[in-house]
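**Q** compute the structure for the input listed below.
(one chain, ligands or ions: 1)
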Amino acid sequence: MVELKFYVTTPIYYVNDKPHIGHAYCTIAADVLARWHRLKGDDVFFLTGTDEHGEKVEQAANSVKKTPKEFVDSIVGKYKEVWKELNISYDCFIRTSDPVHENVVSQIIEKIAKKGDIYKGFYEGWYCVPDETFWTDLQLRNGKCPECGREVKKVKEESYFFKLSKYQDRLLDFYKSNPDFLSPKFRSKEILNRVKEGLKDISITRTTIKWAVPFPLDKNHTLYVWIDALFNYISALGWPNGDNFKRFWPADVHLVGKEINWFHSVIWPALLFSSGIEPPRKVFATGWLTVDGKKIGKSLGNAIDPAALSRKYSIDALRYFLLKELPLGDDGDFSEKALVTRLNNELAAELGNLLNRTIILAERFDGRIEGKAELDKAINLQKIGTLMDKIDPFNALSVIFSFIKAANKYVNDKEPWKLNGRELGNVLYNLLESLRIVSILISPFMPGTSEKINLQLGVKAGSLKDCVFGKHEYKVKKGEYLFKKLDASSLDGAVG
Ligand code: ME8
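**A** Just a heads-up that it's a prediction; the model follows:
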């Protein structure tokens, strides 16, 4: 069998502050994809990391009277801690202040320059520091950043430009021949229309920012943080000759927030075309978590600490909730009340209850647990696989939970507490096999819960090919409830 490779990335996060729930959302989604592909037997490389240069980080460091390097070193650990707490199984954590990364960026800029795609000019326009984004007069909304609504500042300086305009036709051809590149579909129109309207060359250097990769062609300039940042996806693989680069590039999916889709879907492939490197296979733009319709974020003062939430409700309840509350591409409001409702009605009442009632019956039973597969028709493995391939964990979870519901209905219909002997053995066989398979299927979403189920069933962790009814030995042993029901009435729907 040919082993497939799967390379998934998150955006690299600015280290101006500790991670919030929005960062956790994208990172958990990427973790679920990575774990799913490992379950399939694919060779997986999962990259996350931190974006450490630029004006925003420089300012944050100044405000606490640290050098940028001291400052970023003090924040990076917070990201790693939170990812550990949320059970994020990344293979590599890249930091853009790492000299290896800076060296890759310099080499590529020289390549792009040799291609004739960089020229010197003068930039006059607006800059949003929190978003590290240039805007024109026309793009501003009421004089503010059209993306985040914050103040912008005037920038007037000599700058080097990348000939993005040169790549308009090539990009349009690329989108046409790779219809899955721009994802989800409903966001692709916006990108296509903007590219069709025409592309302007982009400023790629600054003269006023010191905390940045030096621009290799002119020592009075430093590289614009976004250009440096995008190349993390290949520097982490050891471009140009590293084994990981040869094995894993092109990326199978870059998961990015919708506000940075343009950088990834337009600027990034154009830079790669210019450098003679293959573009990624897919950019998937995730939606925003909002509170009362407003994007959750540090500067809006509504940031939520994912680690605190996971301690309060359990890691897996948080992981499950984030993927089940809204389809990955959509925006959706976050509320603790909704989280508790899902925890009670889906995790405790469906999944936890199925395990609990099965284990109680199985522990009491002293006959042979064997029988005929009856619940196997209730699993739709193919559908789950297709949905996960389409990066639709939201609907994949629904299909998995409809199997759990079918197993609970089977218990109600069979009334095993009234049965004994072979009849009871048959019902238990079906329930234990279902739970063993459920445990495999939920493991990318709720790895800790899957381990707890395996422990109570007395089985080893399986892979996707084990999701068929067969013969298994069980050493059941009742453990703690997987999820305890909580009282949601004191929560008002907002974030506590
Ligand atoms: O943009 N809901 O970093 P960043 C959902 N360094 N996702 C959210 C979110 C929310 N409310 N808030 C943030 C950068 N995110 C650049 C990226 S990549 C080469 C460079 C997520 O720290 C979302 O995925 O501002 C968004 O794209 C990412 O955090 C931005 O993190």
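**Q** tell me who's in contact with the residue of the chain most remote from its centre.
**A** Relative to the centre of the chain, and counting by C-alpha atoms, centre = their mean, the farthest-placed residue is G421 at 47.9 Å. Neighbouring residues of G421 by C-beta atoms under 8 Å, 6 or more residues apart in numbering: G367. No exception for glycine: its C-beta is placed from N, CA and C like everyone else's.
**Q** so how far is the lowest-mean-pLDDT helix or strand in the chain from its chain's centroid?
**A** For the chain, scoring each helix and strand by mean pLDDT, DSSP states H and E identifies strand 294-295 as the least confident one, at a mean of 84. Average the C-alpha atoms of strand 294-295, do the same for its chain, and the two points are 19 Å apart (C-alpha atoms, centre = their mean, to the nearest Å).
**Q** kindly report the same for stretch 348-358.
**A** Between the mean C-alpha point of stretch 348-358 and the mean C-alpha point of its chain there is a distance of 29 Å (C-alpha atoms, centre = their mean).
**Q** rounded mean pLDDT for it, please.
**A** When pLDDT is averaged over stretch 348-358, the result is 97.
**Q** run through who's touching the least confident helix or strand of the chain.
**A** By C-beta under 8 Å, 6+ apart, the residues outside strand 294-295 that reach it are 22, 148, 288-289, 300, 302.
**Q** recalculate using a threshold of 6 Å.
**A** Outside of strand 294-295, the residues within contact range by C-beta atoms under 6 Å, 6 or more residues apart in numbering are W288.
**Q** tell me the buried residues in the next helix or strand after that strand?
**A** Using DSSP states H and E, the helix or strand that follows strand 294-295 in sequence is helix 306-313. When neighbours are counted by 16 or more other C-beta atoms under 10 Å, the buried residues of helix 306-313 are found to be 306-307, 309-310, 313.
**Q** for stretch 462-470, same thing?
**A** 462, 464, 467, 469.
**Q** please apply the same query to stretch 218-225.
**A** Buried, per 16+ other C-beta under 10 Å, within stretch 218-225: 221-225.
**Q** and that stretch, how far from the chain's centre?
**A** Between the centre of stretch 218-225 and the centre of its host chain there is 31 Å, according to C-alpha atoms, centre = their mean.
**Q** and what of stretch 359-368?
**A** Taking the mean C-alpha point of stretch 359-368 and that of its whole chain, the gap between them comes to 41 Å (C-alpha atoms, centre = their mean).
**Q** show me the contact partners of that stretch.
**A** Under the criterion C-beta under 6 Å, 6+ apart, residues 416, 425, 428, 456, 476, 478 lie in contact with stretch 359-368.
**Q** how far does it stretch from start to finish?
**A** 15 Å (C-alpha to C-alpha, to the nearest Å).
**Q** residues near the closest residue to P416 other than its chain neighbours, how many?
**A** Nearest residue to P416 in three dimensions, chain neighbours excluded: V427, at 4.4 Å (C-beta to C-beta, 6 or more residues apart in numbering). Each residue near V427 was counted by other C-beta atoms under 10 Å, and the total is 26.
**Q** mind telling me what element V427 is part of?
**A** With elements taken from DSSP H and E, the one containing V427 is helix 421-442.
**Q** in that helix, what's buried?
**A** 424-442.
**Q** so the following helix or strand past it versus helix 421-442, what angle?
**A** Downstream of helix 421-442, the next assigned helix or strand under DSSP H and E is helix 447-457. When axes from the mean of the first three to the mean of the last three C-alpha atoms, to 10 degrees is applied, the directions of helix 447-457 and helix 421-442 differ by 160 degrees.
**Q** and helix 447-457, how far out from the chain's middle?
**A** The offset between the C-alpha centroid of helix 447-457 and the centroid of the whole chain comes to 23 Å, using C-alpha atoms, centre = their mean.
**Q** in terms of secondary structure, what does that helix contact?
**A** In this structure, helix 447-457 makes packing contacts with helix 315-325, helix 421-442, judged by 3 or more C-beta pairs under 6 Å, 6 or more residues apart in numbering; DSSP states H and E.
**Q** what do you get if the cut-off is 7 Å, keeping everything else the same?
**A** Here helix 447-457 is seen to pack against helix 315-325, helix 353-364, helix 421-442 when contacts are counted using 3 or more C-beta pairs under 7 Å, 6 or more residues apart in numbering; DSSP states H and E.
**Q** anything in whatever helix or strand comes next after the shortest one near the ligand?
**A** Sequence-wise, the next helix or strand beyond helix 315-325 is strand 332-333, with elements assigned using DSSP H and E. No. Taking C-beta under 6 Å from any ligand atom as the criterion, strand 332-333 and the ligand are apart, separated by no less than 9.0 Å.
**Q** circling back to that earlier point, is the residue nearest to P416 in contact with L419, as I believe?
**A** Yes. Using C-beta atoms under 7 Å, V427 makes contact with L419 at a distance of 6.4 Å.
**Q** picking that back up, out of the helices and strands packed on helix 447-457, nearest to the ligand?
**A** Closest of these to the ligand is helix 315-325, at 9.4 Å (criterion: C-beta to the nearest ligand atom).
**Q** give me the angle between that closest one and helix 447-457.
**A** Helix 315-325 and helix 447-457 meet at an angle of 120 degrees, taking the same axes, to 10 degrees as the criterion.
**Q** just to revisit the earlier point, which of the helices and strands packed on helix 447-457 sits closest to P184?
**A** helix 315-325 (14.8 Å; C-beta to C-beta).
**Q** find me the pLDDT at D73, would you?
**A** In this prediction, D73 has a pLDDT value of 96.
**Q** before we move on, what SS does it have?
**A** When the structure is split into helix, strand and coil by DSSP: H, G, I helix; E, B strand; the rest coil, D73 lands in helix.
**Q** widest-spaced pair of the buried residues of helix 306-313?
**A** Comparing all pairs in these by C-beta to C-beta, the longest separation belongs to A307 and Y313, at 11.6 Å.
**Q** nearest spatial neighbour of the residue in the stretch 201-350 of the chain that the ligand sits nearest to, skipping sequence neighbours?
**A** Scanning the stretch 201-350 of the chain for proximity to the ligand using C-beta to the nearest ligand atom identifies G257 as nearest, at 2.4 Å. Using C-beta to C-beta, 6+ apart and skipping residues adjacent in sequence, the residue nearest G257 is T286, 5.7 Å away.
**Q** same check, this time on I277
**A** Using C-beta to C-beta, 6+ apart and skipping residues adjacent in sequence, the residue nearest I277 is I234, 6.8 Å away.
**Q** test my guess that that neighbour contacts K246.
**A** No. Taking C-beta under 7 Å as the contact criterion, I234 and K246 are not neighbours in contact, 11.4 Å apart.
**Q** of those two, who's got more company?
**A** Between I234 and K246, I234 has the larger neighbour count (other C-beta under 10 Å), namely 25 against 12.
**Q** what residues sit buried inside the host helix or strand of the more buried one?
**A** Using DSSP H and E, I234 sits within helix 232-235. Using 16+ other C-beta under 10 Å as the burial criterion, the residues of helix 232-235 that qualify are 232-235.
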